[in-house]
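Student: Take a look and give me a structure for this.
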Amino acid sequence: IAIDNNYYISGDDEFDYLNVYSRSVSGLPAVNFDVSSYLALPDPAHPEVDIEAASRSTTASNKMYWSGSMSNGADPFPNKPNRDRLFATTITGTGESTVFTFAGYVNIRAALLAWGDANGFNFTASSTAGVNPKAPDGFSLEGMEFGPDNTTLYLGLRAPLVPTATRTKAVIAPILNFESWFNNGSPAGPPVFGSPIELNLNMRGIREIQRLPNGTYILIAGDPGEIINNDLYKWTGNPSDAPVLVPSAAFGVLKMEGILPVYDGAQLSMSKLQVITDGGDEILYNDGNEAKDLIAPFRKFRSDILTGLDLDICSGFTATITPGSNAPYCNGQPVTLTATAGTNPTNSYIWSTGATTSAITVSPTSNTTYTVTVTSDAGCSSTASSSINVGNPVPLPVISGPKVVCATVTGNTYITNSGMYNYNWNAPGGTITSGQGTNSITVTWNVLGSHNVSVTYSDATGCPPPTNGDYAVMVLFFTCGCDQPSK
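Tutor: Next up is the predicted model:
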């Protein structure tokens, strides 16, 4: 965790120290703080807590939370009860003047296992003695950060991957109202967990979660067994959003495990990160001894500044409207416009019409441009426009012809507008004897009573008039000029 632009605190995963290091100068810690005596460790002869996760408080900037990995030990993978510790410290000062104060601890492993079991992940089996914690079906906690609501604590697991059938996604266990519950190490009951958050990190678990000061989450994704190289992802922190890969020169080179934000002057950089690399299994002195097995003055790790990154969570958040601007539509024709941006179904929308839904239906009678602004939960915003061009109005059909006719008399002619296309007449109660498909038809009426002749057509572009043309006709048996039937 960064203290400032000059120093940061690192939890030691071999010894129970919190160490203050310079961010720019190599060397030993400026200050270290041994927390083991505060944690009431059940196995004090082997006091390793395996500190793997940390997060700054959202209610007090000088307060930090730290967690053991909750995992089994190395081969033959025995249970390590000392690792079931989540604790807090506060600090004053910086650099060599940093002063730590212990602020309580809790045990959460049993509750976390029960939560995983209840959600079908079978955490109990993953954490059983003899199971490799660095396997896809193992159990190890390595990331911790507060969610966007500033009260939910995200616990990111290196292992297991979920679901149990495929082992393809990383999982986050959210503790609700964490700081109220933690209560300086004196909780009133067990923690309350929310719904699991499953993330696609390309078959990798979570090695670190860090929320940048602007709210963007950066994740280090790593294979539980370190077979696949670590990679960086950016994320909104919203469970509905997918993390986005951040290509970097560190892929395949660095075993990244920690993240620090970088500032250019007073401005948070969206193209740089400082990353901490675990060198615990490296042979530093060509003596066959891994770095983590050396005494403190000889153990080393490295930090690097990565550049050329795209950390802007809004990159690629681009609003689009379907259909876009294209060929003319029919005048007054209903058109449904649908806006999209990103993948989050909870985006908000505001259209130039005042509508706030993702889709609107409009019926323009003149060329009109419609605009929508889409905003995500993370505050990303994008605007798009669609110009709907319409043709000239198609004239309403006007029908002329005899209104009062005699039944069975032939040659009743009805005419409508000329110059149109796709004429379609309808004469219920009569028979169209000629002219269907043209602007003039001949009808023989067969059924007495009131009837309507109707017609529809289209213009050269296929657009119809707003309504069909209707023409009332009365069919009589007796009228002037009609033969009287025999009795």
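Student: now the helices: where do they sit in the stretch 51-200 of the chain?
Tutor: 109-118, 123-126, 178-182 (DSSP state H, counting those that start in this stretch).
Student: mind checking which of those is nearest residue 155?
Tutor: Closest of the helices of the stretch 51-200 of the chain to residue 155 is helix 109-118, at 7.0 Å (criterion: Cβ to Cβ). Yep, even glycine has a C-beta here, placed from its N, CA and C like the rest.
Student: Adding distance to residue 434, write the helices of the stretch 51-200 of the chain out as a markdown table.
Tutor: Shown next, in a markdown table, are the helices of the stretch 51-200 of the chain (distance: least, Cβ to Cβ, whole Å):
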| stretch | distance to residue 434 |
| --- | --- |
| helix 109-118 | 78 |
| helix 123-126 | 82 |
| helix 178-182 | 84 |
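Student: Between the ones you listed, which one is closest to residue 449.
Tutor: Proximity to residue 449 (Cβ to Cβ) singles out helix 109-118 among the helices of the stretch 51-200 of the chain, at 73.3 Å.
Student: Identify all contacting residues around the closest one.
Tutor: Outside of helix 109-118, the residues within contact range by Cβ atoms under 8 Å, 6 or more residues apart in numbering are 70, 83-84, 122-124, 126-127, 139, 141, 155, 173, 190-191, 193.
Student: May I have the distance across stretch 20-34, first residue to last?
Tutor: Start-to-end span of stretch 20-34 (Cα to Cα, to the nearest Å) is 12 Å.
Student: What mean pLDDT does that stretch get?
Tutor: Across stretch 20-34, the average pLDDT comes to 95.
Student: And the helices of the stretch 51-200 of the chain: which comes nearest residue 235?
Tutor: For these, the distance to residue 235 is smallest for helix 178-182, at 19.1 Å, taking Cβ to Cβ.
Student: related to what we said a few turns ago, by neighbour count, which of the contacts of helix 109-118 wins?
Tutor: residue 139 (30 neighbours; other Cβ atoms under 10 Å).
Student: hang on, that residue packs against residue 126?
Tutor: Yes - with contact defined as Cβ atoms under 8 Å, residue 139 reaches residue 126; the gap is 4.1 Å.
Student: Overlap in contacts, these two.
Tutor: In contact with both residue 139 and residue 126: 159-160, using Cβ under 8 Å, 6+ apart.
Student: Show me the shaky parts of the chain.
Tutor: Low-confidence segments of the chain (pLDDT under 70): 279-280, 296, 327, 478-487.
Student: Would you mind measuring from residue 339 to residue 317?
Tutor: Going from residue 339 to residue 317 by Cβ to Cβ, to the nearest Å gives 13 Å.
Student: got it, and residue 468?
Tutor: From residue 468 over to residue 317 the distance is 46 Å, taken as Cβ to Cβ.
Student: And these two? Which one has more around it.
Tutor: More crowded of residue 468 and residue 317, by other Cβ under 10 Å: residue 317, with 21 against 16.
Student: before we move on, back to that, show me the contacts of helix 109-118 that map onto strands.
Tutor: Of the contacts of helix 109-118, the ones assigned to strands by DSSP state E are 141, 155, 173.
Student: The first one: what's it in contact with?
Tutor: It refers to residue 141. 52-53, 67-71, 112, 155-158.
Student: got a list of what residue 432 touches?
Tutor: When contacts are counted by Cβ under 8 Å, 6+ apart, residue 432 touches 425, 441-443.
Student: Between the helices of the stretch 51-200 of the chain, which one is closest to residue 458.
Tutor: helix 109-118 (62.1 Å).
Student: List the buried residues in the closest one.
Tutor: Buried residues in helix 109-118, counted by 16 or more other Cβ atoms under 10 Å: 109, 111-113, 115-116.
Student: Same question for stretch 430-450.
Tutor: 430, 435, 439, 441-445.
Student: Also stretch 418-434?
Tutor: 420, 423, 425, 427, 429-430.
Student: Kindly report the same for stretch 173-186.
Tutor: Per 16+ other Cβ under 10 Å, stretch 173-186 contains these buried residues: 173-175, 178-179, 181-182.
Student: that older thread, what's the closest of the contacts of residue 141 to residue 237?
Tutor: Comparing the contacts of residue 141 against residue 237 with Cβ to Cβ places residue 156 closest, at 11.6 Å.
Student: Please tell me how far that closest one sits from residue 205.
Tutor: Distance, residue 156 to residue 205, using Cβ to Cβ: 8 Å.
Student: These two - which one has more neighbours?
Tutor: Legend: neighbour count by other Cβ under 10 Å for residue 156 and residue 205, higher for residue 205 (30 against 24).
Student: which one is that one nearest to, not counting chain neighbours?
Tutor: Using Cβ to Cβ, 6 or more residues apart in numbering and skipping residues adjacent in sequence, the residue nearest residue 205 is residue 158, 4.2 Å away.
Student: Count the residues that sit near that neighbour.
Tutor: 30.
Student: Report the contact partners of it.
Tutor: By Cβ under 8 Å, 6+ apart, the contact list for residue 158 reads 52, 69, 133-134, 140-143, 205-207, 222, 224.
Student: Could you save the residues you listed as a markdown table and add columns showing distance to residue 361?
Tutor: Compiled in a markdown table, the contacts of residue 158 are given as follows (distance: Cβ to Cβ, whole Å):
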| residue | distance to residue 361 |
| --- | --- |
| 52 | 53 |
| 69 | 55 |
| 133 | 55 |
| 134 | 55 |
| 140 | 52 |
| 141 | 50 |
| 142 | 50 |
| 143 | 45 |
| 205 | 46 |
| 206 | 43 |
| 207 | 48 |
| 222 | 48 |
| 224 | 50 |
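Student: which of those residues are buried?
Tutor: The neighbour count (16+ other Cβ under 10 Å) marks 52, 69, 133-134, 140-143, 205-207, 222, 224 as buried among the contacts of residue 158.
Student: Pick the one among those closest to residue 369.
Tutor: Proximity of the buried ones among the contacts of residue 158 to residue 369 (Cβ to Cβ) peaks at residue 206, which lies at 45.0 Å.
Student: Do I have it right that the closest one meets residue 220?
Tutor: Yes - using Cβ under 8 Å, residue 206 makes contact with residue 220 at a distance of 7.4 Å.
Student: Can you check which residues contact both of the two?
Tutor: With Cβ under 8 Å, 6+ apart, residue 206 and residue 220 have common neighbours residue 143.
Student: What is the neighbour count of residue 375?
Tutor: If you count neighbours by other Cβ under 10 Å, residue 375 ends up with 17.
Student: hmm, back to that, out of the buried residues of stretch 173-186, the closest to residue 334 would be?
Tutor: For the buried residues of stretch 173-186, the nearest to residue 334 is residue 174 (43.9 Å; Cβ to Cβ).
Student: In contact with the closest residue to that closest one other than its chain neighbours, which residues?
Tutor: Leaving aside its chain neighbours, residue 174 sits nearest to residue 194 (4.0 Å; criterion: Cβ to Cβ, 6+ apart). For residue 194, the contact set (Cβ under 8 Å, 6+ apart) comprises 152, 174-176.
Student: how far away is residue 194 from residue 240?
Tutor: Between residue 194 and residue 240 the computed distance is 13 Å (Cβ to Cβ).
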